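Asks: Provided below are the primary sequence and the corresponding predicted coordinates.
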Amino acid sequence: MVRPANRIITGAHYGLKDWLIQRITAVLMIFYTILLFILAVIYQPESYEDFKSLFSIQWIKIVSLLCFIGLCWHAWVGVRNVLMDYVHPMGIRLTLQITCIVALLGYLIWFGDILWG
């Protein structure tokens, strides 16, 4: 196939990678939700103290953190793609992307503080 010399290529071409990240993180969050449902059925926590003792188990903390990292990654890919598609002025788009990154990192740190605090 011969490509024209004046062909203009635009966009970052993240397509397949983004699609795969979205699917993998979604499946991860589904499994985590199912795990939480099973744990709720088994342990039947009824109070804050019951939930706190459930989430004091180390492997549950680790799995919860991994799921939240997946959630943040999932959110970042989605927001970045929406901003790239619909916010055309570069300065505004960059400002919104940086704001999103800072917010997601803040949420991740806060989540870690809640789990291990």
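Replies: All right, it came through fine.
Asks: give me the buried positions along stretch 109-117.
Replies: Neighbour-count burial for stretch 109-117, with 16 or more other CB atoms under 10 Å as criterion, is recorded at Phe111. In short, each C-beta sits where N, CA and C put it, glycine included.
Asks: count the residues that sit near Leu28.
Replies: Using other CB atoms under 10 Å, Leu28 has 18 neighbouring residues.
Asks: give me the element it is part of.
Replies: Applying DSSP states H and E as the criterion places Leu28 in helix 15-43.
Asks: again, but for Leu65
Replies: For Leu65, the enclosing helix or strand under DSSP H and E is helix 58-86.
Asks: quick one: the helix or strand just after that helix to helix 58-86, angle?
Replies: Along the chain past helix 58-86, the next helix or strand (assigned with DSSP H and E) turns out to be helix 90-116. Direction vectors for helix 90-116 and helix 58-86, defined by axes from the mean of the first three to the mean of the last three CA atoms, to 10 degrees, enclose an angle of 170 degrees.
Asks: tell me the buried residues in helix 90-116?
Replies: Judged by neighbour count using 16+ other CB under 10 Å, the buried positions of helix 90-116 are 97, 100, 104, 108, 111.
Asks: any chance of the residues you listed in a markdown table, plus distance to Val63 and pLDDT?
Replies: Output for the buried residues of helix 90-116, formatted as a markdown table (distance: CB to CB, whole Å; pLDDT from 0 to 100):
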| residue | distance to Val63 | pLDDT |
| --- | --- | --- |
| Gln97 | 29 | 97 |
| Cys100 | 25 | 98 |
| Leu104 | 19 | 98 |
| Leu108 | 15 | 98 |
| Phe111 | 13 | 97 |
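Asks: which of these lies closest to His74?
Replies: When those are compared for distance to His74 (CB to CB), Leu104 wins out at 10.2 Å.
Asks: what sits against that closest one?
Replies: Under the criterion of CB atoms under 8 Å, 6 or more residues apart in numbering, the contact partners of Leu104 comprise 72, 75-76.
Asks: distance check, it against Trp110.
Replies: Taking CB to CB, to the nearest Å as the measure, Leu104 and Trp110 are separated by 11 Å.
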